[in-house]
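Trainee: coords below, sequence missing:
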């Protein structure tokens, strides 16, 4: 993997990741596949999706199991949510799996610190994650994985712990650096504040990935603070629940006001859904729980996210990210027609 | 609508329906849309689907509600399965709705006779359907619907009643004739026998439509007996339940034997699913109830049906339907590899 920083506009960065399997322009949003599919889409629906993939290590997924897991220095034991089987995951096992998946970017296996937590809990967790980061890197090299490996900065909402984590990971020398432990329930303002504190700790010449984030406004705020990569289940999950993003804000399609609304979701949107179907039809599909509703809503939301990132990249390239930023919020203030 | 009988091969008929919105080659299978969508597909998935549509009158749908309906000479009152509203449907109302939908082929509003039933019940029901057929035709003409209207032959499993129904409908002069009241629980042999009895009662120069049929072998048997058109929810419904048709028989994808089977569903099939995904992956999607499983299975089954009809048309055109027929069953005897 090669990373090229093409230009900056304030803290916002326009970059390019080059893999054997394709080129990714940054800032980028990565749609999330779980249980072997991007829910609601077929692979051919993934517009602008090139072949490169990134896999998470399992750290966050274990965290999401809450009570059903046991963490030791060696790794984590948990019951599979699919079939109840006992599963053991460790830095070494995770690196084996991610190599088998041949992902272009593998993530270190870490512990995602719960929020809120005491500072001591956060420190212990961050230190465990650093030891696991080192084991992840060693395992990644031992099995001769030719792809990229990213470190994940932890340390909760504490600047000093984030600094210790970032410095230690930079010493280990990863291909890129992720910000973990955000999007775990903290407020919009705290998330932005922490991002603003952490990105300057990271090397300029490596990609930066804000994990699990987020809503459209979170992406815009992340880019403004120097983030290059994002991922989140929101565009797909919310689509299945009838929550749709437009250039003029969020729209709940099951609201009765859309029952006879023959306008497209967003008349400025070029997606298949907006080009071919009305709000009224999408409202009907949602009410009757038709599979097609989940599909069409997901196509729209993912298109909205990818298009938002295209606009962000164009704005940075032409050094007018500030204008883009103001305009993004102004359009949302106009609201949905 | 124009119907042209291009050639015959035994009783099998190769024809063409020409509408303002497109041309349909027959014999044809029509995928079924319900509640406003063809379940599991987006409109762009409907390969070889041209613009013409046929709508059912509501007669069979009322029949499927069983206890929740009240039938009088005037029409049927029932509770909407969507929202519980009281709904009244009659020949006149049905014709209004089908005109509003602008369907290329409308169906008369009839009563679908339950099976089994006494001969007197069947006779009464068939006679009611004839009176409703006349009212349907009058209403269709009164509201100046420029499209086609098909009559529906009823009469249960009784040859004499079927003959009375067919003769009376032919006197009324419809654009085409459907066989109703089959695919209601009778055996494969009885269905074929009844079809064989009824098709010779119908005019050669009009299309014949066997309603609600069926499995692939039902289509082959129907064509052999002179049927031109079919519809059924089976390819879509069974797909969602993991029942998939191949040239070598039916395959239940959730069977454990497919867990690690990396072959396509049917290596002789050119559909998107067979070209891109393994049985193992489809098995996984079924087990985890992913939406993508329903989509990919439906794409395959509908493609299988449409492709089967293409092969049938080619066989009739080249006067080798008998060979096709034998080969169809022989391949299924080989079984799934």
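Mentor: Structure received. Remember, predicted model here, so these are calculated numbers, not experimental data.
Trainee: hey, let's count contacts and neighbours off CA atoms from now on
Mentor: OK.
Trainee: can you show me the strands along the stretch 51-200 of chain A?
Mentor: A:54-55, A:69-71, A:76-79, A:86-89, A:105-107, A:148-153, A:176-179 (DSSP state E, counting those that start in this stretch).
Trainee: contacts only, for whichever residue of the stretch 101-250 of chain A sits closest to chain B.
Mentor: When you check the stretch 101-250 of chain A against chain B by CA to the nearest CA, the closest residue turns out to be residue A:240, at 10.4 Å. Taking CA atoms under 8 Å, 6 or more residues apart in numbering or on different chains as the definition of contact, the neighbours of residue A:240 are A:40, A:293, A:294, A:295, A:297, A:298.
Trainee: of these, just say which sits nearest to residue A:21.
Mentor: Residue A:21 lies nearest to residue A:40 out of those, by CA to CA, at 24.7 Å.
Trainee: my read: the closest one touches residue A:236, true?
Mentor: Yes. Between residue A:40 and residue A:236 a contact is recorded at 7.1 Å, counting by CA atoms under 8 Å.
Trainee: re earlier: which one of the contacts of residue A:240 sits closest to chain B?
Mentor: Compare each of the contacts of residue A:240 with chain B using CA to the nearest CA and the shortest gap goes to residue A:40, at 5.9 Å.
Trainee: please report phi then psi for the closest one.
Mentor: Phi and psi for residue A:40, reported as degrees, to the nearest 10, are phi 90, psi -10.
Trainee: now it, nearest residue through space, not along the chain?
Mentor: On the basis of CA to CA, 6 or more residues apart in numbering or on different chains, the spatially nearest residue to residue A:40 that is not a chain neighbour turns out to be residue A:295, at 4.7 Å.
Trainee: hey, what's in contact with both of residue A:40 and residue A:236?
Mentor: With contacts defined as CA under 8 Å, 6+ apart, the residues shared by residue A:40 and residue A:236 are residue A:298.
Trainee: quick revisit: export the strands of the stretch 51-200 of chain A to TSV and tack on distance to chain B and mean pLDDT?
Mentor: What follows is the strands of the stretch 51-200 of chain A, written out as TSV (distance: least, CA to the nearest CA, whole Å; pLDDT from 0 to 100):
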stretch	distance to chain B	mean pLDDT
strand A:54-55	18	97
strand A:69-71	21	89
strand A:76-79	16	91
strand A:86-89	18	93
strand A:105-107	22	98
strand A:148-153	27	98
strand A:176-179	29	98
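Trainee: adding mean neighbour count and distance to residue B:175, write those strands out as a markdown table.
Mentor: Putting the strands of the stretch 51-200 of chain A into a markdown table (neighbours: other CA atoms under 10 Å in any protein chain shown; distance: least, CA to CA, whole Å) gives the following:
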| stretch | mean neighbour count | distance to residue B:175 |
| --- | --- | --- |
| strand A:54-55 | 18 | 59 |
| strand A:69-71 | 15 | 68 |
| strand A:76-79 | 18 | 63 |
| strand A:86-89 | 15 | 65 |
| strand A:105-107 | 26 | 63 |
| strand A:148-153 | 27 | 67 |
| strand A:176-179 | 24 | 68 |
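Trainee: export those to JSON lines and tack on distance to residue A:168?
Mentor: Listed next are these as JSON lines, based on distance: least, CA to CA, whole Å:
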{"stretch": "strand A:54-55", "distance to residue A:168": "22"}
{"stretch": "strand A:69-71", "distance to residue A:168": "22"}
{"stretch": "strand A:76-79", "distance to residue A:168": "23"}
{"stretch": "strand A:86-89", "distance to residue A:168": "23"}
{"stretch": "strand A:105-107", "distance to residue A:168": "16"}
{"stretch": "strand A:148-153", "distance to residue A:168": "9"}
{"stretch": "strand A:176-179", "distance to residue A:168": "12"}
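Trainee: so which of those comes closest to residue B:88?
Mentor: Within the strands of the stretch 51-200 of chain A, the stretch nearest residue B:88 is strand A:76-79; the backing value is 53.6 Å (CA to CA).
Trainee: who touches that closest one?
Mentor: Where contact means CA under 8 Å, 6+ apart, the residues beyond strand A:76-79 that reach it are A:62, A:68, A:69, A:70, A:71, A:85, A:86, A:87, A:88, A:89, A:90.
Trainee: where in chain A is pLDDT low?
Mentor: A:48-50, A:66-67 (pLDDT under 70).
Trainee: interface residues of it facing chain B?
Mentor: A:35-37, A:39-42, A:82, A:285, A:288, A:290-292, A:295 (CA under 8 Å from any CA of the partner chain).
Trainee: out of those residues, which are buried?
Mentor: With neighbours counted by 16 or more other CA atoms under 10 Å in any protein chain shown, the residues of chain A next to chain B contain buried members at A:37, A:39, A:40, A:41, A:42, A:285, A:290, A:291, A:292, A:295.
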